[in-house]
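Participant: Next one to model:
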Amino acid sequence: MAQRRSGARAKKDAKPSQPRLVGRIQFILFALLLGGAGALWFSRDQVSAVVAGFASADQAGEPARLRTDGSVPVVVAKAGQLANDVIVGAIGTGRAQRSVMIYPEATGEIRHVFVRSGARISKGQPILRLDSSDAELAVKVARTRLVEAGRLLKRSRQLRDKKVNSQANVDDSRTLVDRAELELQQAEEAFSDREVKAPFDGVVGISKVELGDRVSPATPIVTLDDRSQLIVEFEVAEQFLSKLRIGQKVAVQTPSFPKRTFEGLIKDIDSRIDPTSRTVIVRANIPNNEDLLRPGLSFVVDFVIPGRLYTTVHELALRWRKGESYVWRVTDNKAERVVVRSVKRLNNTILIEGDISEGDLVVVEGVQRLRPGRPVRFSMPDPAPSS
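Facilitator: Numbers count the residues shown, from 1 in each chain. Sure thing, here's the model as predicted:
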């Protein structure tokens, strides 16, 4: 009985030692894993080289073999060159190349209207005619007086030749003829003023008067616009004044045609700067061959101010460290760290300033394991297919 109790106590004493054994085994395994991870970390370059060697051998169809030259595989792209142009935007208003409000030259009642709103007319084409009965009679009277003065001059010359009249009588008759001619010319001009004509080729607007209205020289009749070209007037900040040139190209857009861009040329640059807004007024001619644009439209105007040339690299090539930016350049199959300054970003391209020239090979992928002077194996991405 005592032996059984002692055996039971021994079993109870042995049970607590098993968790200690499991804990020791786990500690040993953890230490082994930690040591293996550390070894892999310190030999990561060699492992990557081995993997790259096997991958390149498989792609080339050659038996896998270990590379021992320590070179790093990278992807490179050639540095480009681009001008740092500045696109200046402004808001402008369009007006016709020539635009007038037509007024009558005389007072009278409108008897005839020859054109309708929106009609395209030529220079000298009649638009409307006023009551001209009085002017027509005045022309007939002036012609009759001229005929009478001519007969009197002829008779005076005949009498002078017969020694009946003196030369003074002939001169007086000649003066009467000249006066009659002037009166006739005046009457004809008054008759012509009864008809309103187009001063240039253009498009007629909506008439301000109707048939039968009585008008005077102060009465507006109708607008006439030559919109073969539109003049867009806009303001430009004074900082760009030195870059503006007559004949410089501009591109304009209007809400009336949101998907269309119209091109033109700068025609006029004002001679002074507005001291309040610090801007200069600029006018551009926009051809309107399709007759789509109308005077009074608002326009968004864009034009390019040429800038200096800069070297360009892909955005993946630019790196930063300790407050400075740099790129990796491949020279003689070795990595070279070049400090540069970022000037401007254009989509996925960056304009830089530094010791990088157009055509240099710049690393865009695989920069993590590069060191100055380290050998590299590089490849270039296939160029985008041309459309």
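Participant: going forward, measure contacts and count neighbours with C-alpha atoms only.
Facilitator: Noted.
Participant: What are the boundaries of the helices in the stretch 151-300 of the chain?
Facilitator: In the stretch 151-300 of the chain, the segments counted as helices under DSSP state H, counting those that start in this stretch are 167-192.
Participant: Do a quick rundown of the strands in it.
Facilitator: 195-197, 202-204, 214-215, 222-237, 249-254, 257-269, 279-287, 298-305 (DSSP state E, counting those that start in this stretch).
Participant: Which one, of those, ends up nearest to residue 120?
Facilitator: Closest approach to residue 120 among those (Cα to Cα): strand 202-204, 4.4 Å.
Participant: for that closest one, packing partners?
Facilitator: The elements that strand 202-204 packs onto, with contact taken as 3 or more Cα pairs under 8 Å, 6 or more residues apart in numbering; DSSP states H and E, are strand 120-121, strand 222-237.
Participant: just so I know, which of these lies nearest residue 330?
Facilitator: Per Cα to Cα, nearest to residue 330 of those: strand 222-237, 43.9 Å.
Participant: Could you give the separation of that closest one from the chain centroid?
Facilitator: 18 Å (Cα atoms, centre = their mean, to the nearest Å).
Participant: Mind telling me which residue is nearest the centre of the protein?
Facilitator: residue 302 (3.1 Å; Cα atoms, centre = their mean).
Participant: residues contacting it?
Facilitator: 87-90, 250-252 (Cα atoms under 8 Å, 6 or more residues apart in numbering).
Participant: swap the cut-off to 6 Å and go again
Facilitator: 88-89, 250-251 (Cα atoms under 6 Å, 6 or more residues apart in numbering).
Participant: Show the buried residues in the residues you listed.
Facilitator: Neighbour counting by 16 or more other Cα atoms under 10 Å classes 89, 250-251 among the contacts of residue 302 as buried.
Participant: Just name the closest of these to residue 316, please.
Facilitator: Closest to residue 316, out of all of the buried ones among the contacts of residue 302 and judged by Cα to Cα, is residue 89, at 30.5 Å.
Participant: Now do the SS call for the closest one.
Facilitator: strand (DSSP: H, G, I helix; E, B strand; the rest coil).
Participant: With residue 104 instead?
Facilitator: Going by three-state DSSP: residue 104 is coil.
Participant: Now stretch 196-211 - C-alpha only, PDB.
Facilitator: In PDB, the C-alpha atoms belonging to stretch 196-211 read as follows (Å, rounded to 0.1, in the frame of the first residue of the first chain):
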ATOM      1  CA  VAL A 196     -29.500 103.600 -97.100                       C
ATOM      2  CA  LYS A 197     -26.700 101.400 -98.400                       C
ATOM      3  CA  ALA A 198     -24.200  98.900 -96.900                       C
ATOM      4  CA  PRO A 199     -20.800 100.500 -96.200                       C
ATOM      5  CA  PHE A 200     -19.000  97.100 -96.400                       C
ATOM      6  CA  ASP A 201     -19.700  93.400 -96.900                       C
ATOM      7  CA  GLY A 202     -21.400  91.900 -93.900                       C
ATOM      8  CA  VAL A 203     -24.400  90.300 -92.200                       C
ATOM      9  CA  VAL A 204     -27.500  92.400 -91.400                       C
ATOM     10  CA  GLY A 205     -28.800  92.200 -87.800                       C
ATOM     11  CA  ILE A 206     -32.400  92.600 -86.600                       C
ATOM     12  CA  SER A 207     -33.900  95.800 -87.900                       C
ATOM     13  CA  LYS A 208     -34.800  98.500 -85.400                       C
ATOM     14  CA  VAL A 209     -37.500 100.100 -87.600                       C
ATOM     15  CA  GLU A 210     -40.400  98.900 -89.700                       C
ATOM     16  CA  LEU A 211     -41.900  99.800 -93.100                       C
END
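Participant: Show residues contacting that stretch.
Facilitator: The contact list for stretch 196-211, computed with Cα under 6 Å, 6+ apart, reads 110, 117-128, 221-226.
Participant: What segments of the stretch 1-150 of the chain are helices?
Facilitator: Going by DSSP H, counting those that start in this stretch, the stretch 1-150 of the chain shows helices at 2-14, 17-42, 44-60, 133-161.
Participant: what pLDDT, on average, does the second one get?
Facilitator: The average pLDDT within helix 17-42 is 68.
Participant: Then the last one?
Facilitator: Mean per-residue pLDDT for helix 133-161: 86.
Participant: next one: stretch 202-211
Facilitator: 92.
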